[in-house]
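Enquirer: predicted model, plus sequence, below.
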Amino acid sequence: MVTRTDFAELLARARLHDDTAIEAVLRRVETRLRNYVDTRLGAQLRTRLRDSDVLQNAYVEMLRSLPEFVGDTEAQFVAWVTAIIENDIRRQRRWFGALKRQAPDRTSERNVLARTLLDAPTTPSAAVSEIEEKRLLAAALQRLPDHYREILELVVLQGLSHEDAAQRMNRNPKASRMLLSRARAALSLEIEKLELGDVG
């Protein structure tokens, strides 16, 4: 069991971008965050967004802002992340409510993945752009922990089901889905860092 002191220590390490600590913190609270999304998303918004999309958005924002988070308890952390989730859900409601819009591209990671997995480009400039994006994606993937790279490779790049990916990774399908949400968020953040010139 993770005690209050243990959780505070995990948070302190997570603020310093310790991947193992971030993973432990999210594993500890993920079921509660997913349940919160499930209760708040609503039937209308659910036709346009999946729970995992909302969680991924929240994880990206959480990873960006974690060094500034001042709490040190599990309850404070959950309250902070649920506030991020609530703000995103309200923003999505305004977006879809203003006009009958389709879901926007949610992350730069998805944009890069989509473009690099499409058919070969037809112009020289498009070919150069595709090569650069593949390099960016490869570099971002290399900055991730091994289990994040593995779940992205299995589900996103190879197209395996969560059941098959979970079996290969000796996890259950629910754990596989949660891991993929965290991996997508981490990959998005790494791509953004690389786009901004952070190669450290």
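Expert: Cool, got the structure.
Enquirer: can you name the next helix or strand after the helix or strand D38 falls within?
Expert: Element membership of D38 [criterion: DSSP states H and E] is helix 19-40. Downstream of helix 19-40, the first helix or strand assigned by DSSP H and E is helix 43-46.
Enquirer: what helices and strands are in contact with that following helix?
Expert: The helices and strands touching helix 43-46, judged by 3 or more Cβ pairs under 8 Å, 6 or more residues apart in numbering; DSSP states H and E, are helix 74-98. In short, each C-beta sits where N, CA and C put it, glycine included.
Enquirer: returning to that earlier point: what's in contact with the helix holding D38?
Expert: 2, 7, 10-11, 13-14, 51, 54-55, 58-59, 63, 66, 74, 77-78, 81-82, 85-86, 89, 144-145, 178, 182, 186 (Cβ atoms under 8 Å, 6 or more residues apart in numbering).
Enquirer: list buried residues within those residues.
Expert: Members of those that pass the buried threshold by neighbour count (16 or more other Cβ atoms under 10 Å) are listed as 7, 10-11, 13-14, 51, 54-55, 58-59, 63, 66, 74, 77-78, 81-82, 85, 89, 144, 178, 182, 186.
Enquirer: got the buried residues for stretch 167-178?
Expert: Residues of stretch 167-178 classed as buried by neighbour count (16+ other Cβ under 10 Å): R171, A175, S176, R177, M178.
Enquirer: quick one: residues contacting R182.
Expert: By Cβ under 8 Å, 6+ apart, the contact list for R182 reads E23, L26, E30, Y59, Y148.
Enquirer: okay, and it sits in which element?
Expert: Per DSSP H and E: helix 173-195 holds R182.
Enquirer: low-confidence stretches in this protein?
Expert: By pLDDT under 70, the weakly predicted segments of the chain are 1-5, 95-132, 198-200.
Enquirer: any idea how far G159 is from F7?
Expert: As for F7, its distance to G159 is 37 Å (criterion: Cβ to Cβ, to the nearest Å).
Enquirer: H147: what's it in contact with?
Expert: M169, L179, A183.
Enquirer: so it versus A175, what's the distance?
Expert: Per Cβ to Cβ, H147 is found 11 Å from A175.
Enquirer: the helix or strand hosting V60 - contacts with which helices or strands?
Expert: Secondary structure assignment for V60, by DSSP H and E: helix 51-65. Applying 3+ Cβ pairs under 8 Å, 6+ apart, one finds that helix 51-65 makes contact with helix 19-40, helix 74-98, helix 173-195.
Enquirer: can you give the domain ranges for the chain?
Expert: The record's domain split for the chain, according to automatic domain parsing, is 4-98, 108-195.
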